[in-house]
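*Asks:* Structure, please.
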Amino acid sequence: MDPGKGLYDKNEDKLTLAIDVTVPNEREKHIYEQNGTIEMEIENLSEFAREAFGSGRFSESVLSIKELPWKIMAQINSKNGSTDQKWLGFYLWCAAGEKGRREESSPDMWSASIDMWGTTSSSAWKENWSCKCSATLRIVSQKGDMSGFSRDFSGQIFNKTSYSSGFPYFITFEELMDPSKGFYDKDEDKVKLVIDLIMKEANT
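*Replies:* Sure, this is the predicted structure:
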């Protein structure tokens, strides 16, 4: 209340307090978010199921946490080298690690990956970026009265050279497309995959 400080309005007998709040823009929000959800619909599933072993698809949607871009990857796998049965591989995949190994992988499959910021440059991330994640990978039931199917992993380390984690044998295509299970929408010929992601530690 010292008049010399200029803080106190003696005539009005009042003191004005203020807080400046900065609301982050959409990109800045990604820096602070610690969890999120990615969704992917595999359309024309019956056609996808007939593709060769190793064929895969990426989600069009991208989730950004701590400025690291995440996608869902679905792949057709064989178990123990058997060609009698196809399995759905279901993975959490970080696009920040894609650039270094893109040329080592199938161009058709990996070309589906895009940087969420519209650039193919990896300079947005530290060379030694890393993070620890836990995730729940889910197939969503197409029927409201039936439950879906899920698997979890926790404490998985991601970095430039280890940028995907999941389950190569998540479910057989036979079970996935079984009408009694409720996963497959036969009329729309599609299934819905979801990943709930939690990032616990990050150096980005």
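
*Asks:* partners of the strand or helix carrying residue 75 in the sheet?
*Replies:* Using DSSP states H and E, the element containing residue 75 is strand 68-77. Under the criterion DSSP bridges, strand 68-77 sits next to strand 56-58 (antiparallel), strand 63-65 (antiparallel), strand 87-94 (antiparallel) in its sheet.

*Asks:* where do the strands sit along the protein?
*Replies:* 8-9, 14-15, 35-43, 56-58, 63-65, 68-77, 87-94, 130-139, 149-159, 164-172, 190-203 (DSSP state E).

*Asks:* Mean pLDDT lowest where, among those strands?
*Replies:* Comparing mean pLDDT across the strands of the chain, the weakest is strand 8-9, with a mean of 67.

*Asks:* sorry, back to before: closest one to residue 37 among the strands paired with strand 68-77?
*Replies:* Nearest to residue 37, of all those, is strand 63-65, at 7.0 Å by CB to CB. In this view, the C-beta of every residue, glycine as well, is placed from N, C-alpha and C.

*Asks:* So which bits of the closest one are buried?
*Replies:* 63-65 (16 or more other CB atoms under 10 Å).

*Asks:* Apart from its chain neighbours, what residue comes closest to residue 140?
*Replies:* In space, and not counting its chain neighbours, residue 140 is closest to residue 192: 4.2 Å by CB to CB, 6 or more residues apart in numbering.

*Asks:* do the same with residue 186
*Replies:* Per CB to CB, 6+ apart, closest to residue 186 is residue 179, 6.3 Å.

*Asks:* and the closest residue to residue 155 other than its chain neighbours, what does it touch?
*Replies:* Spatially, and ignoring its direct neighbours in sequence, residue 155 is nearest to residue 132 (6.1 Å; CB to CB, 6+ apart). By CB atoms under 8 Å, 6 or more residues apart in numbering, the contact set of residue 132 is 155-158, 199-202.

*Asks:* Could you point out which of those is nearest to residue 95?
*Replies:* Among the contacts of residue 132, and counting by CB to CB, the member closest to residue 95 is residue 158, at 11.1 Å.

*Asks:* Would you mind confirming that the closest one is in contact with residue 133?
*Replies:* Yes - using CB atoms under 8 Å, residue 158 is in contact with residue 133, at 6.1 Å.
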